[in-house]
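Colleague: no FASTA, just this:
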DNA sequence: TTAGATACGGAACGTTGTTCCGTTTTGCAA
DNA sequence: TTGCAAAACGGAACAACGTTCCGTATCTAA
């Protein structure tokens, strides 16, 4: 069953199953895509299919949970990087991490546009969670004079999401790399240098 | 079996089955989406599933055939409209038809991005088939002074395809309508009035 | 009309998402 | 520690799907 509090299930075995399922699903999805059979995930988690459906009443619930988990991990990386690196480098490394996240989520992207209402809130979840994370890094980098100060985090996230097209091997297209490089050069320009 | 010549199967019953299947699939897809079961299409066509797979070895082949059929119908409408209406009106009515086509193809759009290589040539097929059709209408309208002469058919097709987002009821979003209206106003402006 | 090729129908197979229920595990109280 | 009710588990079973197979029906050419 899905719990409303953040502590997960009350019983220890249920907590173990849930953690094993999320981990197994993440690995299976990254290898076989989001269309991988539920049984495969159950087997990898060392769990019966009944247990999968106890925790995630529908297959899409599992997909949503894994997606949100990975978004959260990406968001949580921001303060860690901010504490470890100087502002400019923290921003760079976080952007690389976000690009990698977007590039490996091809299967998810197809699911998002499948019309299933279960996936409808996911894009907003991503923006709500990552925009503040990126916003902090941007402010710090701007204060250090590394980037301009007039860039909206949401705009940058969406632009990257649209430009980061993965190739067949899981890496980025050469074209994607060039477009992203262009975008990031723009980040360092003074505002309105071209059109203002 | 898929024939290479344009006449379809040699035997009369096979031709009947093929026509009934394409018609039934078109109707079923428009009502239930492209994920509709093959059996449902076979039943609507008054045909067994074996016959479906004789004509379309894979389910995706049926989807591709219906898609191409509808693209062809859209392309063929251009010369008909050009013969029936004055140039400006012919262009308007064809654009409306193309918008309707795009708006009702939500399910197809998801299939296109599913990663299945069977759908990979479809976008180019659409452009190759519709760009000349639209090109003729555009030239005629430009010659009549109804629209500017420097618009590439492909650009216009792609722009419409990206802007025409259907709502839940099958109609166009109000936002889509506004954006398309803007685009079409731009069609009537002299070239480069704003940025030149 | 007949014979051979072609096409047909639908039962059957393998794979999937999901449900069901007998069994096991867990936490708490006696 | 032990007993017990609630919670969770496992996997067989179900339904729906894409696809295959083959005995039967239909067509065309002679």
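Modeller: It's in. The structure displayed is predicted, hence computed values, not measured ones.
Colleague: hmm, who's touching the worst-scoring helix or strand of chain A on mean pLDDT?
Modeller: Lowest on mean pLDDT, DSSP states H and E among the helices and strands of chain A sits helix A:106-112, with a mean of 83. Helix A:106-112 has contacts (Cβ atoms under 8 Å, 6 or more residues apart in numbering or on different chains) with A:29, A:33-35, A:60, A:63, A:67, A:119, A:122-123, A:166, B:110, B:113-115. C-betas here are computed from N, CA, C, even on glycine.
Colleague: distance of residue A:162 from residue A:55?
Modeller: 34 Å (Cβ to Cβ, to the nearest Å).
Colleague: again, but for residue A:37
Modeller: 17 Å.
Colleague: sorry, back to before: run the chain-centre distance for the least confident helix or strand of chain A.
Modeller: 12 Å (Cα atoms, centre = their mean, to the nearest Å).
Colleague: that one: what's the following helix or strand?
Modeller: Using DSSP states H and E, the helix or strand that follows helix A:106-112 in sequence is helix A:122-143.
Colleague: quick check, the residue in chain A closest to DNA strand D?
Modeller: Relative to DNA strand D, the nearest point of chain A is residue A:50 (1.9 Å; Cβ to the nearest atom of the strand).
Colleague: check which helix or strand that residue maps to.
Modeller: Using DSSP H and E, the element containing residue A:50 is helix A:49-55.
Colleague: contacts only, for the most centrally placed residue in chain A.
Modeller: Nearest residue to the geometric centre of chain A (Cα atoms, centre = their mean): residue A:71, 3.6 Å. Applying Cβ under 8 Å, 6+ apart, we find residue A:71 in contact with A:101, A:125-126, A:129-130.
Colleague: is DNA strand C contacted by whichever strand or helix holds it?
Modeller: With secondary structure defined by DSSP H and E, residue A:71 is part of helix A:59-84. Yes. If you take Cβ under 7 Å from any atom of the strand as the test, helix A:59-84 does meet DNA strand C, through A:59-60.
Colleague: next, the buried residues of the next helix or strand after that helix.
Modeller: Using DSSP H and E, the helix or strand that follows helix A:59-84 in sequence is helix A:87-103. Within helix A:87-103, the residues that count as buried by 16 or more other Cβ atoms under 10 Å in any protein chain shown are A:87-88, A:90-95, A:98-103.
Colleague: what of stretch A:57-64?
Modeller: A:59-60, A:62-64.
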